[in-house]
Every structure is written in C-alpha cells, then in structure tokens.
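*Asks:* Fold the following.
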Amino acid sequence: MLKFTKPALAAAALALLLSGCSAAASPSSTGQASANAPKGLTTSGKLTLCIDPEYAPLEYYANGSNGDIAGFDADAARALAKHWGVDAKFDVTTFDGLMPGLQTRRCDAIFGGLYMSKARLDVADASAVMNAGPAILSAPASADKYKTALDLCGHSVAAQSASANAARITALKDECKKAGKDEPKLTEYPKTAETVLAVLNGKSEALIETNVAAAYMASQNEGKLAIALESSPRTPPSACSPVRATSCLPPLRRD
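*Replies:* Numbering: from 1, shown residues only. Model prediction:
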C-alpha cells in the first residue's frame, strides 16, 4: 500500500523545477497582469512545462495516446499556472529529455515523477511533493522470493532508460558481487509500458519502478503483476521525493 505523509500531500501543488524565474508581474494570454506571476518565463503569459505523459497516474494522455494530459502532476501544474494568472503549456518529451529541456529553457518547470538528486539540484531548484521510492514488480507467483534487494542478484530486471531506478539496479551489481552472488541482468526501455510488457512476456523476471507508478501498474494488471519489494515509507520528504535520482534512493525492503 502506498503511504504519503500529510505534509507531503499539502505540498503537492508546489511541485516544480524552475531555472531562473523570480516573482514579478507578467502579462497573461488575456493581457491581464498578475502580481503572482514570475518574470523570465520562456513564453510571456505562459507557464511552459516539460512533461512525459507516459507515467500514469502522475501524467498520462486521458484517451491513452494523445490529446489532453491528465494526472496528479498535470493537474498541479495547471493549478500553479492558474494561481500565477498565466496559461499552462505542456511541452511533451521523453523522460530522458526532461532535464535537458529545462536546462536549455525549452520549458520553465518540470512536473514529473523525478527524485531530487544532488546532480539535479546543482542545475535547478526543486520542491518536494511526496514521499516516494523504488518498488519491485514481478509475476505474483514469484513475488515472495524477493525479500531484500540482494534477492534480485542473478535475476533479469527491466527499468526505464536514464532513470534512477535503472541506476539503482546498476549499483546493485557491485553489492551482489560483494555478497558473492551473480549480478542482476538489467534491460532498459524508453517507456515504462515497455518494462511492464517485458515482465508480462517473460523477457524479464521483474521490473523496478517508483512505488506510485508501480501500484498503478499492478492495479491495471491484476493477477499478472504484484508488488514484491517496496521502499521504506519513512523516507523523509527532503531526501527522496519526485525529481527519479541516483543518490537519494531509500533501501528496498519487503513489507
């Protein structure tokens, strides 16, 4: 079961990664100025947001393939734009294009399932939105054999490309070696949906994903996928909240 603290939920509407914006009046698309709007936006009167709408329930296409973007992050982004008196504009990109898009000023902010890491905080500001961490999904019949992260040693694991979850499995290889076990076999895919298919089709024995998305994946594939390992719910908001990282992942454990 996913567990969020009340303070984390209260901060949800403040989820953003900004590069160089400061509070000042700025005209909206209707020509009206808002005292809440920041200056230095990529497009005057618009809050441009880099987003990868392939990550339900946080951000996804409402009809499954294109058009309106729905989800927790998308709604929070629209609420922030409304608060500032500007329009929300989504710049769709792949997951590995989110941070480059922000750094090159294609967008003003990222609302997405990203962990906060030192590397990211070196180039952008961030605000924590929830307590989250990695989880392991597998076929229900094999879920019980993954009781600790080291139980992944010698097994095939799918992960999204360029994600901290993939980095966690890469780091696990050294841990497995030290424990005298075989390395996990990591396969990376551009989209999270492809990691699900990898397990369903038997190409990988398990997949690693942020627990929020993992719970959704399990609910959409009932009887085919189950959560085997989940990060500690006691992870402090400042340590590992969405901005998918390498340096702040909590240890995996079985509840």
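*Asks:* do you know how far the closest residue to residue 191 other than its chain neighbours is from residue 170?
*Replies:* Among residues not flanking residue 191 along the chain, residue 54 sits closest, at 5.2 Å (Cβ to Cβ, 6 or more residues apart in numbering). Any C-beta I mention is one placed from the backbone N, CA and C, and that applies to glycine too. Distance of residue 54 to residue 170, given as Cβ to Cβ, to the nearest Å: 22 Å.
*Asks:* Over to residue 149?
*Replies:* 13 Å.
*Asks:* Ok, residue 148 next?
*Replies:* For residue 148, the distance to residue 170 - Cβ to Cβ - is 18 Å.
*Asks:* the more surrounded of the two?
*Replies:* residue 170 (15 against 12; other Cβ atoms under 10 Å).
*Asks:* which parts of the helix or strand containing the more buried one are buried?
*Replies:* In this assignment (DSSP states H and E), residue 170 forms part of helix 164-178. By neighbour count with 16 or more other Cβ atoms under 10 Å, helix 164-178 contains the buried residues 164-169, 172-173, 176.
*Asks:* do stretch 42-49 as well
*Replies:* 42, 45-49.
*Asks:* Strands of the stretch 101-250 of the chain, start to end?
*Replies:* Taking DSSP state E, counting those that start in this stretch as the criterion, the stretch 101-250 of the chain contains strands spanning 109-110, 134-138, 156-160, 185-189, 206-210, 226-231.
*Asks:* Helices along the stretch 1-150 of the chain, start to end?
*Replies:* Using DSSP state H, counting those that start in this stretch, the helices of the stretch 1-150 of the chain run over residues 6-10, 72-84, 98-103, 118-121.
*Asks:* TSV for these, including mean neighbour count, distance to residue 188 and mean pLDDT?
*Replies:* Output for these, formatted as TSV (neighbours: other Cβ atoms under 10 Å; distance: least, Cβ to Cβ, whole Å; pLDDT from 0 to 100):
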stretch	mean neighbour count	distance to residue 188	mean pLDDT
helix 6-10	12	29	28
helix 72-84	20	23	92
helix 98-103	19	16	90
helix 118-121	16	18	82
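*Asks:* Of these, which is nearest residue 222?
*Replies:* helix 72-84 (21.5 Å; Cβ to Cβ).
*Asks:* what about dumping the CA coordinates of that closest one to CSV?
*Replies:* The C-alpha atoms that make up helix 72-84 are tabulated as CSV, following Å, rounded to 0.1, in the frame of the first residue of the first chain:
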residue,chain,number,x,y,z
PHE,A,72,-1.7,14.4,-10.5
ASP,A,73,1.2,16.3,-11.9
ALA,A,74,-0.7,17.8,-14.8
ASP,A,75,-3.5,19.0,-12.5
ALA,A,76,-0.9,20.5,-10.1
ALA,A,77,0.8,22.3,-13.0
ARG,A,78,-2.5,23.8,-14.2
ALA,A,79,-3.3,24.9,-10.7
LEU,A,80,0.0,26.6,-10.3
ALA,A,81,-0.4,28.4,-13.7
LYS,A,82,-3.9,29.5,-12.6
HIS,A,83,-2.5,30.8,-9.3
TRP,A,84,0.0,32.8,-11.2
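*Asks:* Between the buried residues of helix 164-178, which sits nearest residue 186?
*Replies:* residue 169 (4.6 Å).
*Asks:* For that closest one, which non-adjacent residue is closest in space?
*Replies:* Of all residues not flanking residue 169 in the chain, residue 186 sits nearest, at 4.6 Å (Cβ to Cβ, 6+ apart).
*Asks:* That neighbour pairs with what?
*Replies:* Applying DSSP bridges to residue 186 yields these beta-bridge partners: residue 157.
*Asks:* Show the contacting residues for it.
*Replies:* When contacts are counted by Cβ atoms under 8 Å, 6 or more residues apart in numbering, residue 186 is found next to 157-159, 166, 169-170, 173.
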